[in-house]
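Peer 1: What follows is a predicted structure for the sequence shown.
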Amino acid sequence: MPIANFLPTNVDYARFLPELILTVAGVLIMFLEALRSEGRRTNAGLVAILALVLALPAALMSSSGPAFQGMLVIDGMATFFRTLVIVVGLLVVFSSTDYLRRENQESGEYYALILFSIVGQCVMVSANELVMIFIGLEISSIASYILAGYLRDDARNNEAALKYFLLGSFATAFLLYGVAWMYGATGSTNLTEIRRALISGAAPPEALIGVAAALIFVGLAFKISAAPFQGWAPDVYQGAPAPVSAFLTVGPKAAAFAVLLRIFLGSLEPIAARWAPAIWVCALATMVVGNFAAIMQSNIKRLLAYSSIAHAGYVLVAVAANSGTGSAAAMFYLAAYAFTNIGAFAVVTYFSRKGERYVGIDDFAGLAQRQPGMAAMLTIFLLSLIGVPLTGGFFGKFYIFKAALDSKLIWLTVLGLLNSAVAAYYYLRILVVMYFREPGESVETLPPAGALLQIAVYGSAVGTLLLGIFPSLILDFANRAAIR
Amino acid sequence: MPLGPLPAAVPPSWYLTLSAILFALGVLGFLLRRNIITVFMSIELMLNAVNLSFITFSYVLKRNDGHIFSFFVMVVAAAEAAVGLAIILTVFKNRQTLEIDEVSSLKN
Amino acid sequence: MDALLFMIFAAIAVICGINLVVQTHPISSALSLVGVMGALAALYLLLGGEFIAAAQLVVYAGAIMVLFVFVIMLLNAGTEKKMTVRPLGKYLGAPFLLLFFGMIAYMIQRILPASSPVVFGAFQGGTALEIGRSLFTVYLLPFEVTSVLILIAILGAIVLARKEVD
Amino acid sequence: MQQLWLIPILPLLGFLLNGIFGKRLAKPVINAIAVGSVLLSFLWVVKTLSGLGAFSGGLDQTYKEHYYTWIQSGALNISVDFAIDRLTAVMLMVVTGVGALIHIYSIGYMSHEGGYYRFFAYLNLFMFFMLILVLGANFLILFVGWEGVGLCSYLLIGFYFLEKFATDAGNKAFIVNRIGDFGFALAIFLVGFHFNTLDFTTVMTQVKGMPIEVSAGLFTAISLLLLVGATGKSAQIPLYVWLPDAMAGPTPVSALIHAATMVTAGVYMIARTSQIYLHSTWALDIVAIVGLTTAFVAATIGLAQNDIKKVFAYSTVSQLGYMFVGLGVGAFSAGIFHLMTHAFFKALLFLGAGSVIHACSGEQDMRHMGGLRKYTPITMVTLLCGSLAIAGFPYLSGAASKDLILEAAYEHAPWMYWVGVFTAGMTAFYVFRAFFMTFFGEYKGKPASGHGHDDHGHDDHGHGEPHESPAVMWIPLAILAVLSLGGGFINIPHFLEPIFPLQEGEPARWLEYVATAAGLGGIALAYLFYVLSPSLPESIASTFKGVHTLIYNKYFVDEFYDSTVVEPIVGGSRQLLWRVGDVRLIDGIANGIGSTARGIGGILRRAQSGYIRSYAAWVIAGTVLAIAYIGFMGASR
Amino acid sequence: MSLLDIVLFLPLVGFFLLLILPKQSSRMAAMVISLAIFVVSLGLLMPYWFQYPSGHTFSTDIQWISYPPIRYHVALDGLSLWLVLLSTLLTPIAALVSWNYIDKRVKEYYAFLLLLEFGVIGVFISMDLFLFYVFWEVSLVPMYFLIGIWGHERRIYAAVKFFLFTMAGSVLMLGAIIFLYNRTGTFDYGQIQGMIQTGSLVFDARTEMILFLAFFMAFAIKVPIFPLHTWLPDAHVEAPTAGSLMLASVMLKMGTYGLLRFCVTLFPDAAHRSAPWIVGLAIVGIIYGALVALVQPNMKKLVAYSSVSHLGFVVLGIFTFTQQGLDGAVYQMLNHGISTGALFILVGFLYERRHSLEISAYGGVATPAPNLAIIFLITTLASIGLPTLNNFVGEYLVLQGTAGANFGWAVFASLGVIFSACYMLWLYQRTFFGRASESLSHHMPDLTTREWAAILPLVLLMVWMGSFAQTFLPSISVQNAAILEQTKKLRTERVAIPAPQFVEASRANR
């Protein structure tokens, strides 16, 4: 076959446009940084925002179909998740600027890293090749490692970065090993090929696929912080800069879930009987670990970290449902959770003040009286995390458990519902201190929130409520995009 | 493994077994070593083991996708090494130690 | 002949691997890792991976390990005081690791369909030519995207290791 | 249309006017409203009855007026209806008549009381409910009145609400009555369920239509439950305990509510539902026995009381017992007859007692009275009439009705008769004991003795000199005296014949003689003890120490109830249900769940050690499990 | 856009309005808005004034969420009509009693009050299970804040306990709702009901029982039914007056309403099979609540436990499956709303004067404050079920119905009536009778005009509802007849004991 057949066409580039835009912007930022004279404030943030705003329509409008010899496949799900991570990036950038200025650590690299990591996630969610998935995963992860340790003079940051990095690469090794086995068993690393191999007459011994699937699952489960691979999450989310934690709890997680859905609900669907029960157990373990460990936390970032573990558990329930509704539910939930959690972290970022000194729950005492607006927003986010109606969190939960019941996972549903009742307890504790306690000294000196941060907070709040009141906005899309 | 007189050529499964052994050794290193750098090297060992599997499989399948894959693994490993070592440097700058267990201030 | 070579290099690889784990000084661990890599490079050749074998030596043994050694020197990390194992590592990790290895080995020996023994030169797909072809045709995109990865690596190094601006 | 509704509404208006504006009104106005309203309704009763020809042999079946539907649910329709038949007529006359007199009397008696308007408002409210009770054409309306009069008695007993004993007595009255109502209500439910209506005429005709033997069980149940209600309201054993305490209220209240009208509601109710009782002879016997026992026991207690009102209270209980006996032995008309006469003479006795107390400025203990005949002649004379009437002096009202009952009892079972007669003797004795202790001998009141335990302070004339009551008080006394003398000649049994046919055959004359003899004997004995040789009682009391203390302390019934019912319930609720059941058990479980959750959290926390290599160990473990699950165990599926 | 929608959304509008308006005006604004809502809501009576339609009125049914098909379907019927009116009536009163009581963060307070009204009205009129659940949860939040922010000392404990108890129950209900949807493909109550009626939707006994229990748990906790009641006393004691008022008078009705509307009609067989033990619990609750109330040293706790007892009657009535029982139950919901609400208001008045809820802190109040004493007396009498006052009618009907179903139950349930007299009268005696201490009589002014305005409507209602029950009953009866019809449909075994022979005999005689 002549090389010419392999030259990328415009269609290929068009379908790859969001990644291109973001990459170019990233490179541009690096140049700007190099040229920036000392002491002048960087405007990399602006560039990043522009790039993301541009990438958004590119992602939404990109025609669907394969690209680059089937390395990528742009389908509904890819579009959904690409849009999601780009929006996430936007919100994170908004909520970061003030933070970086406060810690006077603002520099272009930060934004470049965010952009690159988003590129990685975009690649992940649209990849149809284990190679692409692997590379995308690595791009997003390595960027995250750096971001987690961004304030390099802060011991918490270093530790977070180190833990995230070591354990991350450790897990990646397992993922790779799994990929190797998958390759050996099916003779291909292309997801479509793999599926074909599984249903073809000369199907490879299932046990092999099983092992490969298991190892791949471990790698992804680590990224989505599912029990028992969740160990790193609380430490990293607590140690990393608050906006970065927000990003980590949402962006890479969403991408990893997308991959999980693609691989397991897509390619490995023929052997669902093997992996579904494992995910069942994993989902339950994750919910329990997340919720029950969170009960005891006194540090809000850590509490939110555990809560994010718990929520990963809920999404896993949707995955375990192994159905179109299930994947749609997972997608919707991730979207709702993205808004909610970024918003929550944004408020926490604001309340924590320079050097994140005030992240103890008691430091939030009486904030409702000092900062009614922000407190109200945090209330909305917490209610969404609890799963109170008219918030995205509620509808997400509802739809997930609906999917689970569709697939006759009655016990998982019941246990999940009870879990969400338990969860109410620790979220309420935050509301309690914010509203029912009298203000402590820590809230006396609270500078007004910056405009960008406010955009992030109110934006996420609007998103959360919209998804709660008019879920159809996204749900219909998710239902159409869902695998099967 | 079948013992007895050494055959002229060994089956691929031997290569795979070797890679499994190396992978396990890597994990063991991760679990046992206390020096952060050594731990990191254990990871590299694991990656190498994986590469061996890839190469072996692509020999079995008579396709070179495995080679490509392991090539990318190397690239990634290189990148990881750069970043990882940088992180290790910052940690050392802050704590003056490479003892992995002393990097455990974040916990409940 | 092939078998013998395999035996030799496998032995080297395993011994170096074990050495990596038991050595308490990073430098000796690093050197034994280089050993493993060299041995693997040889095995790659046996499996017909010319290009990969070369890359292994150049990228891994050459670049990466040098970097390691460099950092070790830079931080002049001494020997670990003494071998302590986290109880969890011992009681949870070790036995499970054995299980893990057992399972994989079982898979390799029993489940994996037997295939013809490895003969040097039986597979020609690993030449630089072949690799290059697939790299610039089918695998063009990943190859290009890895550039972003490298970019990030550079960026990371800058962000984390550069001097304070102020 | 006779506008029956006016009869109860008038007092209600009085209540509303006095209740809402009373505080701002002058006493004469209040009197006008209160007494006026009752007098008007009395006149309206007379007009209605004559209109219905009750006095001219008419009204031999029920006349009914329908106002509006109260409750309509499914087949059950309960409407606000009033009905009049001859039984009602009697009750109406008694209630409004006696009620009016007592209202008038109260003007004088309460003249110096605080909360004047409040008193009359309550009194009018009572009239309203009592008339509802009497006029009600179905069980539920009757029950409305039934509960309403209970409420008023609660309010009036607790009229001196600054005093704990008064409010205690009020609560006791209400709650004991509730226990009775519990039975009554259940009876109503049974009726409502089995007849799908609560209307008296409908139910009674249905019952009449049934052969006796049909489901006697059901009727027994209904009648016994009704009886429970009656014992509550009419202070029969075992629920009589509230009545004596009820004397804590002002004396006119005791006269009106706790002697003349309300307490007889039970008798009225049984008479009203007589058809059901007639279907269960067994129940009737129980009624009789309850009545007889009550009559006897109460009389014995009455022998040893020193508080003049208490004496009359127990005598009331005992007389009500007589009425029950009358009902129980099937002589319903006799029962009602006695109800009426008793209303006369017992109202008289109470009002007289009130006048005496008034005279002694609040003193109620007879041991501190005596010799009052010099000071209060009119009161003495009227009281004498009352005492003679109750003692069964020939041709007086009491004798007439009581003898009828006793004769019927003899027909039914001779032993009942004898017990009744003996009780009659005792009655005569203790009534005259009171009479003599009060009016004969020397005045033993401490000069300037202020107020007895119930302090309706006559602060303006707290001096020792007893004094005759004003006309507004003694005129009612006089009227009642006349009635209790002549009341016997109103031939109620004949009047009620259409409802309660009389059994043929003249009873033996000697029965009357014996009864009368017993009465006279009682009087004589009292004269001997308390006029001729006042030392005798003490010596007898000391000789029969045990018996005396027993009856002096009313057989310790209150104490018994307290220790067996009240204490266990209260204590049990506090210690067992609340402290243990609620707080420890249920909340304990709830909090237990919480703490377990926290415990699990604590364990999970420890797993989060912060050591990278421990986390790695977890990863390995997870991996192995995953492989085992997906790679190997999966095969079995 | 029917009148009902307006009544539903006005409170929400008011909520936002209050958030915008300046602090100083929020009291007045809340008062005006809530009154306006009440006036508007009176319009809902129109279809029910002259005749008694059995079907839905003011029905609005538009799509809310395309898939899964969730509809904004609200409608009014004889059952919800009065509960809605109750809510709209009590909100202005709640605003009135909070006038002086609430001095901190006034704005938020009244905002939450209106939000609460929004939630409860929604609960009573939603005809779509999902919508119902949404309102069910939404009403939870404002009450949580009302207790938590403006409550007394242990408010936090009480608020959290309240939230968690309710939450724990409702999540299971959510599961059941989803399950129903998966079986039927719709959330519309009417449609599901229809499927059950026509037999196109049939559950095996076990499934039906599980679903029934899932719903039942949620409602039982809210009512609350006997062993699940312990959150109530805490919540009441800690809540501010208006909070207790809305909680007791309206929110508890959400539970009983749910039982009647959903549990019974969606799962008739399970309901009938469970009737014996549920009735058992109800009766235990009646007696238990009364006995525990008997020994409470704290006024609000006492009233709270009395609520447990009163609501026992409601549950009892529902599960007798007799016309009288159901009518009585519904009527009793309204009665309890009025009389217990009034009790809480009056206790609030006392608290505002003396700043204590301990009964022992009072005594002799009648002397300095006679009017307060009279009103309190009337309310007391109402709540112990004195004829001509409202509770009597309800209790009578319930017990009459119970007697029809099983006389033994009636006997035990009636015991509650005795005890209720005990604890209420005892409370009244200890609080109002006796000689007033100096300090007390100085701090015990009589009712002010504002307080009259708050309490008088309720007192008049007590008398009216007690004497002219037919104003309310017919529309209720019609609805209940329909419900009975629905529950009879698949009925396997009757709970009622057959009427004895003699009745036929008597009919023969006539």
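Peer 2: Yep, that arrived.
Peer 1: So stretch E:429-442, near chain D or not?
Peer 2: Yes. Applying C-beta under 8 Å from any C-beta of the partner chain, one finds stretch E:429-442 touching chain D at E:Gln429, E:Phe432, E:Phe433, E:Gly434, E:Arg435. C-beta here means a position set from N, CA and C on the backbone, and glycine is covered the same way.
Peer 1: mind listing what the third one touches?
Peer 2: In this structure, E:Phe433 makes contact with D:Gly158, D:Phe161, D:Leu162, D:Lys164, D:Thr167, E:Gly363, E:Gly364, E:Ala366, judged by C-beta atoms under 8 Å, 6 or more residues apart in numbering or on different chains.
Peer 1: Can you tell me which of those are buried?
Peer 2: Buried members of those, counted by 16 or more other C-beta atoms under 10 Å in any protein chain shown: D:Gly158, D:Phe161, D:Leu162, D:Thr167, E:Gly363, E:Gly364, E:Ala366.
Peer 1: Let's verify the fourth one: helix, strand, or coil?
Peer 2: It stands for D:Thr167. Three-state call for D:Thr167 (DSSP: H, G, I helix; E, B strand; the rest coil): helix.
Peer 1: Contacts only, for it.
Peer 2: Contacts for D:Thr167 (C-beta under 8 Å, 6+ apart) come out as D:Gly158, D:Phe161, E:Gln429, E:Phe433, E:Gly434.
Peer 1: And the residue most central in space within chain C, how close does it get to B:Val39?
Peer 2: What sits nearest the mean C-alpha location of chain C, by C-alpha atoms, centre = their mean, is C:Met37, with 6.0 Å. Computed with C-beta to C-beta, to the nearest Å, the distance linking C:Met37 and B:Val39 is 18 Å.
Peer 1: C:Leu46 touches C:Leu5, doesn't it?
Peer 2: Yes. Between C:Leu46 and C:Leu5 a contact is recorded at 6.1 Å, counting by C-beta atoms under 8 Å.
Peer 1: Give me the more crowded residue out of those two.
Peer 2: C:Leu46 (24 against 16; other C-beta atoms under 10 Å in any protein chain shown).
Peer 1: Check the secondary structure at the closest residue to that one other than its chain neighbours for me.
Peer 2: In space, and not counting its chain neighbours, C:Leu46 is closest to C:Phe120: 5.5 Å by C-beta to C-beta, 6 or more residues apart in numbering or on different chains. At C:Phe120 the chain is in coil, as set by three-state DSSP.
Peer 1: How about residue 80, nearest residue that isn't a chain neighbour?
Peer 2: Just so you know, I chose chain A. Per C-beta to C-beta, 6+ apart, closest to A:Phe80 is A:Ala481, 4.7 Å.
Peer 1: My question was about chain D, not that one.
Peer 2: D:Tyr67 (4.6 Å).
Peer 1: remind me which residues of the chain are low pLDDT?
Peer 2: Reading this off chain A. A:1, A:201, A:441-444, A:484 (pLDDT under 70).
Peer 1: oops, I was thinking of chain E
Peer 2: Looking at chain E by pLDDT under 70, you get E:489-510.
Peer 1: so what's the one residue in it that gets nearest to chain B up against?
Peer 2: Nearest residue of chain E to chain B: E:Val160, at 22.6 Å (C-beta to the nearest C-beta). By C-beta under 8 Å, 6+ apart, the residues touching E:Val160 are A:Tyr425, A:Leu428, A:Val432, E:Gly148.
Peer 1: now swap in A:Ala320 and tell me
Peer 2: A:Ala276, A:Ile279, A:Trp280, A:Ala283, A:Gly326, A:Ala404, A:Ser407, A:Leu409, A:Leu412.
Peer 1: host element of the residue nearest the centre of chain A?
Peer 2: Among the residues of chain A, the one closest to the centroid is A:Val250, at 2.4 Å (C-alpha atoms, centre = their mean). Taking DSSP states H and E as the definition, A:Val250 sits inside helix A:242-260.
Peer 1: Can you confirm whether the next helix or strand after that helix lies near chain D?
Peer 2: Per DSSP H and E, helix A:242-260 leads on to helix A:272-295 as the next helix or strand towards the C-terminus. Yes. Under the criterion of C-beta under 8 Å from any C-beta, chain D is reached by helix A:272-295 at A:Ala273, A:Arg274, A:Trp275, A:Pro277, A:Ala278, A:Val281, A:Val288, A:Val289, A:Phe292, A:Ala293, A:Ala294, A:Ile295.
Peer 1: Quick check: A:Thr325 touching A:Ala482?
Peer 2: Yes. Counting by C-beta under 8 Å, A:Thr325 does reach A:Ala482; the two are 7.2 Å apart.
Peer 1: and B:Met74, what does it touch?
Peer 2: Contact analysis of B:Met74 by C-beta under 8 Å, 6+ apart lists B:Asn51, C:Ala55, C:Gln56, C:Val59, C:Tyr60.
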